[in-house]
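Colleague: how does the following fold in three dimensions:
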Amino acid sequence: MKWLDIDPGNCSVQRTLDVIGDRWSVLVLREVFNGVRRFDQIKSHTGISDSVLSDRLRRLVDNEVLHAVEYQETGARRRKEYRLTPAGFDLQPVLLSLLSWGDAHRADPTGPALTMVHDDCGAPVTLDLRCAAGHQIENRRDIHAEPGPGARIHE
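Modeller: Now for the predicted structure:
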């Protein structure tokens, strides 16, 4: 079976993009991954409008990527801060891949703005591809798609 034989309507990439596939959702996730969890702080750091931020936060919560936790500072009204769910944490390699690509192809001439490091040893974090048997995949052309259990024939 070839890729064109498979119905793309059941694609996990598309379903992921339905949740995080716009600029603002990815930037909201960047903020939360970097410890910025409150509405006003996210808004201030990204430049996103109130309405767009509210919509993206609601979508990320509805899709169980983030969960809202209420807090209240003395003398102020209750507010929410947003934390990653296990599904949200699973997006970390996606954001690290975007960062890595950006560092390689779009970084400032003086170099990348951030370096992601391992808390335990301080070494930079890198990404690599491995198959389930543990082999590191050096040549990315050595990967192909095969139909999975949810594949449907394209009509």
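Colleague: drop to CA atoms for contacts and neighbour counts, all remaining ones
Modeller: Fine.
Colleague: pull the number of nearby residues for Arg56.
Modeller: The tally of other residues near Arg56 (other C-alpha atoms under 10 Å) stands at 20.
Colleague: swap that for Leu57, sorry
Modeller: Other residues within reach of Leu57, judged by other C-alpha under 10 Å, total 22.
Colleague: again with Asp103
Modeller: Residues near Asp103, counting by other C-alpha under 10 Å: 16.
Colleague: over to Val32?
Modeller: Neighbour count for Val32, taken as other C-alpha under 10 Å: 19.
Colleague: what of the one 10 residues further on?
Modeller: The tally of other residues near Ile42 (other C-alpha under 10 Å) stands at 21.
Colleague: do I have it right that it meets Glu31?
Modeller: Yes - contact criterion C-alpha atoms under 8 Å: Ile42 and Glu31 qualify, at 6.5 Å.
Colleague: any common contacting residues for these two?
Modeller: Shared between the contact lists of Ile42 and Glu31 (criterion: C-alpha atoms under 8 Å, 6 or more residues apart in numbering) there are no residues.
Colleague: and Val69, that's in a strand?
Modeller: Yes - secondary structure assignment (DSSP: H, G, I helix; E, B strand; the rest coil) places Val69 inside a strand.
Colleague: okay, now the unreliable bits of the protein?
Modeller: Confidence mapping of the chain against pLDDT under 70 gives the ranges 1.
Colleague: where exactly do the helices run in this protein?
Modeller: Assigned by DSSP state H, the chain shows helices spanning 12-20, 23-33, 39-46, 50-62, 86-89, 92-105.
Colleague: what's the last one in contact with?
Modeller: The contact list for helix 92-105, computed with C-alpha under 8 Å, 6+ apart, reads 26, 30, 33, 111-112, 127.
Colleague: cool, and the shortest one?
Modeller: By C-alpha under 8 Å, 6+ apart, the list of residues contacting helix 86-89 from outside reads 64-66.
Colleague: now the buried members of those residues.
Modeller: Neighbour-count burial (16 or more other C-alpha atoms under 10 Å) applied to the contacts of helix 86-89 gives 65-66.
Colleague: from the contacts of helix 86-89, which is closest to Ser54?
Modeller: Ranking the contacts of helix 86-89 by separation from Ser54, with C-alpha to C-alpha as the measure, puts Leu66 on top at 12.8 Å.
Colleague: neighbours of Asp108, how many?
Modeller: 10.
Colleague: and the one 10 residues further on, by the same measure?
Modeller: Neighbours of His118 under the rule other C-alpha under 10 Å: 11.
Colleague: lovely, talk soon.
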